[in-house]
Each structure stands twice: as structure tokens, then as C-alpha cells.
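Engineer: whatever this is, show me its structure:
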Amino acid sequence: MPDGDVTVEFVGADAAMDDLRRWADQLGPAVVAKSRTTAEQVASRTSDRVPVDTGALAGSVAVAEQPDGYSVTEGEGLGYAGWIEFGGSRGRPYIAEGRYLYPTALEAEPEFQAAAEDTADDTIRGFSWSTPPS
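Structural biologist: Numbering: from 1, shown residues only. A predicted model of the protein is given here:
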């Protein structure tokens, strides 16, 4: 071997990749479960922010379970919900991102990110990593 050449051998690469896949399989569902709390907070805050006449719109804000997490819905069965949220007629300017739900969800993004990071930290601490051969 000429001077300066160095050979590095990564022992246990296959086991490390298997471990990372197993950890990812645990992490995904853990983050999804934790996301329910953020979705519930967004729903509550949105419900508090929408205008109230009869209370039907505020009462329609709900958390819905999805295959890959949770969503927050608003206005189910209320024909006027879209107009309240987005506007577009009768002197109410159209706002594409909406006035209540999307802005509230966007505000919660740092909370969700922190919860996801905490979940990653928790799962990685408790993960049973393989020991590479010596």
C-alpha cells in the first residue's frame, strides 16, 4: 500500500441498514400517533376563531383519522362554510388559503415539528440496536 493510502472497512453496514429500517418502521407510527394532539389543538383553535352566529360552523370543526395521520375538517354539511372560510362574493374578498383553518394549522407547524423531533428522540433512545461483529 503506497504511503498515504488508507483503507476503511465499514463492519456491520448491512445490520446498520436493517436497524435503520426497523427504527423507521417504529418512528412513523409513533409520529402519526403524536400528530393527533397537534390536530386536536388546531381544531380547537380553529373552532375558537371562526365567526359565531348559530355555532354550527365552530361545532363542525373536527379531527379525522387518515391512513397516514390526522386531518382537521371544517364545515361538513354547511353550505355557507366555504364562503365564511374563503369569501369570494358579496363584498367578502376571496382568500385562497382561507381565513381560519389553514392559517391556524400553519401556526401549529413548529409545535408539530417539535413533537415529531421529541418522538424521534424517544424512539431512538429506546431502540435495540444491533451489535456489529468484531
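Engineer: tell me which element Leu106 is part of?
Structural biologist: helix 101-107 (DSSP states H and E).
Engineer: after that helix, next one along is what?
Structural biologist: With elements assigned by DSSP H and E, the helix or strand that comes after helix 101-107 is helix 109-125.
Engineer: show me what that next one is packed against.
Structural biologist: helix 13-49 (3 or more C-beta pairs under 8 Å, 6 or more residues apart in numbering; DSSP states H and E). (Each C-beta comes from the backbone N, C-alpha and C, glycine too.)
Engineer: what angle do helix 109-125 and the helix it packs on make with each other?
Structural biologist: Helix 13-49 runs at 150 degrees relative to helix 109-125, counting by axes from the mean of the first three to the mean of the last three C-alpha atoms, to 10 degrees.
Engineer: pull out the buried positions in helix 13-49.
Structural biologist: By neighbour count, with 16 or more other C-beta atoms under 10 Å as the criterion, the buried positions of helix 13-49 are 23, 27, 31-32, 34-35, 38-39, 41-43, 45-47.
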